[in-house]
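Colleague: quick one, fold the following:
(one chain, ligands or ions: 3)
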Amino acid sequence: MLDFTELRAYRAMLNLARSPKEAVEMEQMRAITQNIVPLYFLISASAVGLGGNFYGQAPDIMTVGVPLVAVLVSLWRVTKWWGAEKRLAEPDNARRNLRQLEGFTIILFAMLAVWVAMFLPYSSDIQVTYLSFFTAFTGAAATLCALSRPRMVAITLSLTLLQFCVMFMGQAPRYYLFTAIQLAATYFVFFLASRSYNRRLIQGVMLHYQLKNESARTARLSETNRQLALSDTLTGLPNRRSFFEEIDRVIGECGPDCLPVVGLIDLDGFKPINDVYGHAAGDAVLVETATRLTRVIGSENRVARLGGDEFAYILPPETSPEAARLIAERVVNVFLRPFRLPTNDTSRVSASVGYSSRVLNARTSRDLVAQADFALFRAKEVSVGHAVEFSAEHAKTQQREALVQQCFRSADLEEEIRLVFQPIVDSSTGTVVRFEALARWTHPEIGIVGPDEFVAVAEKAGMTHLMTRSVFRKAIRQLREWPDSVQLTVNLSAQDIISRDTTEELVSMLMAEEPSLCERLCLEVTETSLLSDTAEARYNLERFRQLGLKIALDDFGTGYSSLRYLQDFDFDVVKIDRTFIQSQDVRAHGFGLVATIQQLCRSMAIDCVVEGVETFEQLQYARSAGCRYIQGYFYSRPLEADAASAYFPGAGGFTPFSGLARTGGRNVA
Ligand code: C2E
Ligand code: CA
Ligand code: CA
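Modeller: Ligands and ions are numbered 1, 2, ... in the order given. So this is what the prediction gives:
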């Protein structure tokens, strides 16, 4: 049975051949080589047998000398061929050896023939018969050793037959003629066997070639697949996987002490292009972005598209901090030029960039990307079109976030989250139209964590649904306890709005309640949270609306402030972000905007709430811009449930605006 080492050697040998013909020759030679030791054993034994048979009758040189030489030569040849298989794994060697072997065999046969013929004068009749058998058998046996090479078989058997006829036919023609005929038939069968053996051998080799070709094709295909799996089909840039692999490769090349700079780029304003001008326009912007970025970053494989409108780049470890900063700024600046769309419109997109630092504890690709991601988050917070490097302060915040996240994961939110309620006031009458439920989290170890902090952490951990579920349950419980005239508004996170599961869970909670309770609830969503999957958000919000809930657009003015969303989503309430009313030069900028939004909302029959009103002056601005509904510290900070009851409709309230004007802004409840 063939063992695997032999099979491996066989494959290795075939792999060396430059053509199938060469491979066949190598395999023939290998098959012959395997029989060469028995062949020389046969030659030695036959020579000794022949010599022994005539010992004392023929001269010693023929009976002892020649066999001795034959044995010695055989021994010498055997040592030469021993282990020759490995040496033969060389195409040129195999061919040369095959030719040599053929020549050598013919010479050997000729010498043997001469030697046998020399015994004839010393032979009795029976010894002549022995000589004829010797000739016939030795020739045939020797031939068997070369079975893989039909040509050699044909030559040696023909020579043997010829020798047989020439040498013995004269001795007893009839007897030897018939023996020769039988011999010829036998030899012919030998030849046929050799040919079919050879055919098998060729088939084996060809099979190997076929498999080799197929596996080469498979390898090519899998390489193509790999390329596809590693690149982004739209822009042709490396994709996320390939990007991480490239960072790992760079780190692997020069170790964790010399790190590349990793930059993440987030496009701002891309989504509306997709929505307004269609996907072809969006695609064109992405392709153009890829081109512009590649131009700035330079060499190939250094810019990647991580998905959607997220791009990234890698700078080699030798990049100086100053160069890294300049490149990040250049990346931001390539977006200053507007994009020309296939529709011939032009549109603007801006980019925020966050990039990693190499001095702050990063070791792996994951660390670097996390740093860049954090810096990007910060860059977007500052304002659009900024580049930010990960800093020591970021590292501290990141640590704190990790701690908060860890605590959040193991928190008993039902127990640890409570709600406070901030009134939203109709400034004309001083009555509270509804309360906004705001979550407060107190953890047994790290204490009070502000919503700005834990909401962000929950969002990053993809766990907002746990928080929302708990907030919802508490809000519903509160509504059940409070009089029917009290209304509540609850915040939904971006992830909740686009999650069918969360929506269904909340909807089934609401369905267990009286329909009138649902009508007292309003949901606040932000514009940015609608962007990632507008269709899903619309569907889910519609589910709530069917139950009688109202929907408010929160923090209006901080996102795209797209009027289209305002119309599309059919909001009941719009809340103008506090940055407008609190801006230093509210008179110059904020005021006009607040007034415009207010007018727009009025024309669309949407209630408009101004958030963050802290002073009487701000209230006056809001009022002069036409705003009636106000939320802010001027009226009240978020209150505990008990304290909130003092402001329920009918239980009192705040001073109407007209009264405030008289008291000089003193808000006496
Ligand atoms: P938001 O939805 O815009 O809520 C209003 C935030 O502004 C509240 O902060 C409120 O205390 C604060 N605020 C109200 N009036 C004034 C004012 O006159 N001046 C100033 N400077 N701030 C004022 P809070 O409670 O810290 O909540 C911060 C944010 O955390 C909320 O912003 C909201 O986005 C999020 N959040 C709070 N509770 C929840 C919740 O239950 N679920 C979700 N998803 N997010 C929540
Ligand atoms: Ca809110
Ligand atoms: Ca808000």
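Colleague: what's the burial count for the closest residue to ligand 2 within the stretch 101-250 of the chain?
Modeller: Ligand 2 sits closest to R240 of the stretch 101-250 of the chain, with a gap of 33.1 Å, by C-beta to the ion. To be clear about C-beta, it is placed using only N, CA and C from the backbone, and glycine gets the same treatment. The criterion is other C-beta atoms under 10 Å. On that basis, R240 has 16 neighbouring residues.
Colleague: which residue packs closest to it, ignoring adjacent ones?
Modeller: L306 (4.5 Å; C-beta to C-beta, 6 or more residues apart in numbering).
Colleague: just checking, what packs against the strand or helix carrying that neighbour?
Modeller: Assigned by DSSP states H and E, L306 belongs to strand 303-307. Identification of packing neighbours for strand 303-307 by 3 or more C-beta pairs under 8 Å, 6 or more residues apart in numbering; DSSP states H and E yields helix 240-254, helix 279-297, strand 310-315.
Colleague: what score does G590 have for pLDDT?
Modeller: In this prediction, G590 carries a pLDDT score of 57.
Colleague: next one: L563
Modeller: You'll see L563 listed with a pLDDT of 71.
Colleague: any idea how far it lies from G548?
Modeller: Noted for L563: a distance of 26 Å to G548, by C-beta to C-beta, to the nearest Å.
Colleague: neighbour count: the two, which is higher?
Modeller: Using other C-beta under 10 Å as the criterion, L563 and G548 rank with G548 on top: 14 against 11.
Colleague: I figured the more buried one was touching E519, is that so?
Modeller: Yes. The criterion here is C-beta atoms under 8 Å, and G548 meets it with E519 at 4.2 Å.
Colleague: so stretch 433-441, near ligand 1 or not?
Modeller: Yes. In terms of C-beta under 6 Å from any ligand atom, part of stretch 433-441 sits within range of ligand 1, namely 438-439.
Colleague: quick one: mean pLDDT for that stretch?
Modeller: When pLDDT is averaged over stretch 433-441, the result is 97.
Colleague: residue of the stretch 401-550 of the chain closest to ligand 2, please.
Modeller: Nearest residue of the stretch 401-550 of the chain to ligand 2: E524, at 4.1 Å (C-beta to the ion).
Colleague: can you classify that residue as helix, strand or coil?
Modeller: strand (DSSP: H, G, I helix; E, B strand; the rest coil).
Colleague: how close does the residue lying closest to it once chain neighbours are set aside sit to F580?
Modeller: In this structure, E524 finds its nearest non-sequential neighbour in D554, 4.1 Å apart by C-beta to C-beta, 6+ apart. According to C-beta to C-beta, D554 and F580 sit 13 Å apart.
Colleague: quick one on the thing from earlier: using PDB, write down the CA coordinates of the strand holding L306.
Modeller: The C-alpha trace of strand 303-307 is given here as PDB (Å, rounded to 0.1, in the frame of the first residue of the first chain):
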ATOM      1  CA  VAL A 303      -7.400  54.800   2.600                       C
ATOM      2  CA  ALA A 304     -10.300  52.600   3.300                       C
ATOM      3  CA  ARG A 305     -14.100  52.800   3.300                       C
ATOM      4  CA  LEU A 306     -15.400  51.300   6.500                       C
ATOM      5  CA  GLY A 307     -19.000  51.400   5.400                       C
END
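Colleague: what does it rub up against?
Modeller: Strand 303-307 is contacted by residues 232, 234-235, 237-240, 242-243, 246, 264, 286, 290, 293-294, 297, 311-314 when judged by C-beta atoms under 8 Å, 6 or more residues apart in numbering.
Colleague: quick one: end-to-end distance for stretch 381-399.
Modeller: Terminal residues of stretch 381-399 lie 19 Å apart, using C-alpha to C-alpha, to the nearest Å.
Colleague: tell me the mean pLDDT over it?
Modeller: Averaged across stretch 381-399, pLDDT comes to 88.
Colleague: in that stretch, what's buried?
Modeller: Neighbour counts over stretch 381-399 (16 or more other C-beta atoms under 10 Å) mark 384-391, 394-395, 398 as buried.
Colleague: rewinding a little: test my guess that the residue of the stretch 401-550 of the chain closest to ligand 2 contacts S493.
Modeller: No. With contact defined as C-beta under 8 Å, E524 does not reach S493; the gap is 10.2 Å.
Colleague: by proximity to ligand 3, which residue of the stretch 251-400 of the chain wins?
Modeller: Ranking the residues of the stretch 251-400 of the chain by distance to ligand 3 (C-beta to the ion) places E381 first, at 15.7 Å.
Colleague: where are the low-confidence patches of the protein?
Modeller: Along the chain, the model assigns pLDDT under 70 to residues 1-3, 83-89, 256, 300-301, 560-561, 584-591, 667-669.
Colleague: for the spatially most central residue of the chain, which non-adjacent residue is spatially closest?
Modeller: The chain has R241 as the residue nearest its centroid, 4.0 Å off, counting by C-alpha atoms, centre = their mean. Closest residue to R241 apart from its sequence neighbours, by C-beta to C-beta, 6+ apart: L230 at 6.0 Å.
Colleague: for the one you found, what are its contacts?
Modeller: 238-239, 241-242, 245.
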